[in-house]
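Enquirer: My questions concern the predicted model and sequence given below.
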Amino acid sequence: MNWKEIKVSEDNTHFLYEGKPLFNKKFLNVLKFHEPGLAPVKDETGWYHILINGTPLYPERYDRAFGFYCNRATVVKANEWFHINEKGQRVYTQNYAWAGNFQENLCTVRNHQNFYFHIDLEGNRVYSENYLYAGDFKDGYACVKCSDGLFRHINTQGKFLNEKGFLDLGVFHKGFAIAKDKKGWFHINKQGMELYSQRYLMIEPFYNGYALVTTFDNQKIIIDENGKKILNI
């Protein structure tokens with residue numbers, strides 16, 4: 001049985017394989033299977049992970065458990081957040097107020113002083129800086145909110161990609177990111193330079209060369225990577 005073909009039921013209480021229920025058991029809640037073939041489930045005893053045959057990976061129970069990413073899963077016990085590995089073992093001793101999912105072997109966490117930063121697969125801090133917020137890494141870069149209230153991009157060593165700061169910021173998608181200044185939203189390149197002079201109420205990342213944007217009078221239009229209007233929606 002290929003775990004990638006196991007589906008979650010519409011009511012999120014059990015699993016389906018080829019349209020038929022698995023394990024002859026229903027749970028209070030289930031999340032989908034992730035690499036290497038493990039899924040978080042909740043029953044009367046709490047949250048834990050199961051193998052593709054339905055057996056528990058470990059005897060421990062948690063207040064919350066999430067899927068595996070990079071062979072690490074976030075779990076919560078007594079309001080303390082941390083990660084376990086694919087054997088169900090705790091990876092590090094530190095507890096956090098919140099922890100994300102590993103992406104590109106790095107993970108954003110929030111400590112009990114409400115500062116964000118990134119850790120590696122062994123739980124070590126990647127850099128010494130504390131941020132007001134830190135997002136997931138994508139294609140080698142993440143968005144962070146600095147103490148001056150501005151968002152910037154950092155690389156996997158925690159260094160700023162450029163000296164540009166923005167009121168809001170998105171991750172890079174095919175070399176471009178969405179950004180916001182006092183005038184509105186727009187798109188930037190990796191140097192932090194605007195692709196065009198227009199500003200919008202809302203925008204989406206470019207999708208095969210075009211992006212959906214919303215003007216300040218709530219008109220939906222499509223623009224190209226030069227900011228040229230292509231058509232109204």
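Expert: On my side now, so go ahead.
Enquirer: what's Phe27 in contact with, if anything?
Expert: 13-14, 41-43 (Cβ atoms under 8 Å, 6 or more residues apart in numbering). To be clear about C-beta, it is placed using only N, CA and C from the backbone, and glycine gets the same treatment.
Enquirer: Turn these into a markdown table, columns for secondary structure, distance to His34 and neighbour count.
Expert: What follows is the contacts of Phe27, written out as a markdown table (DSSP: H, G, I helix; E, B strand; the rest coil; distance: Cβ to Cβ, whole Å; neighbours: other Cβ atoms under 10 Å):
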| residue | secondary structure | distance to His34 | neighbour count |
| --- | --- | --- | --- |
| Thr13 | coil | 19 | 16 |
| His14 | coil | 17 | 18 |
| Val41 | strand | 13 | 22 |
| Lys42 | strand | 16 | 20 |
| Asp43 | strand | 19 | 15 |
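Enquirer: quick check, nearest of these to Arg72?
Expert: For those, the minimum distance to Arg72 (Cβ to Cβ) is 17.9 Å, reached by Val41.
Enquirer: After the lowest-mean-pLDDT helix or strand in the chain, which helix or strand is next?
Expert: Least confident helix or strand, the chain: strand 20-21 with a mean of 91, by mean pLDDT, DSSP states H and E. Using DSSP states H and E, the helix or strand that follows strand 20-21 in sequence is strand 29-30.
Enquirer: what's next to that following strand, contact-wise?
Expert: 8-9, 12-15, 39-42.
Enquirer: circling back: contact partners of the least confident helix or strand of the chain?
Expert: 9, 14-15.
Enquirer: again, but for stretch 125-133
Expert: The contact list for stretch 125-133, computed with Cβ under 8 Å, 6+ apart, reads 106, 111, 113, 115-120, 143-147, 149, 154, 156-158.
Enquirer: Any of those buried? List them.
Expert: 106, 115-119, 143-146, 154, 156, 158 (16 or more other Cβ atoms under 10 Å).
Enquirer: Show me the residue sitting in the middle of this protein in space.
Expert: With distances taken as Cα atoms, centre = their mean, the residue of the chain nearest its centroid is Asp136 (5.1 Å).
Enquirer: In this structure that one contacts Gln103, no?
Expert: Yes - Asp136 is within contact range of Gln103, at 4.4 Å (criterion: Cβ atoms under 8 Å).
Enquirer: confidence score at His187?
Expert: Model confidence at His187, given as pLDDT, is 98.
Enquirer: Let's verify it: helix, strand, or coil?
Expert: strand (DSSP: H, G, I helix; E, B strand; the rest coil).
Enquirer: contacting residues around the residue lying closest to it once chain neighbours are set aside?
Expert: Leaving aside its sequence neighbours, His187 sits nearest to Leu195 (Cβ to Cβ, 6 or more residues apart in numbering; 4.7 Å). Neighbouring residues of Leu195 by Cβ under 8 Å, 6+ apart: 176, 186-189, 225-227.
Enquirer: quick revisit: dump the contacts of strand 29-30 to JSON lines, plus distance to Lys180 and pLDDT.
Expert: Output for those, formatted as JSON lines (distance: Cβ to Cβ, whole Å; pLDDT from 0 to 100):
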{"residue": "Val8", "distance to Lys180": "35", "pLDDT": "97"}
{"residue": "Ser9", "distance to Lys180": "40", "pLDDT": "96"}
{"residue": "Asn12", "distance to Lys180": "35", "pLDDT": "97"}
{"residue": "Thr13", "distance to Lys180": "41", "pLDDT": "97"}
{"residue": "His14", "distance to Lys180": "43", "pLDDT": "96"}
{"residue": "Phe15", "distance to Lys180": "41", "pLDDT": "96"}
{"residue": "Ala39", "distance to Lys180": "37", "pLDDT": "98"}
{"residue": "Pro40", "distance to Lys180": "35", "pLDDT": "98"}
{"residue": "Val41", "distance to Lys180": "40", "pLDDT": "98"}
{"residue": "Lys42", "distance to Lys180": "38", "pLDDT": "98"}
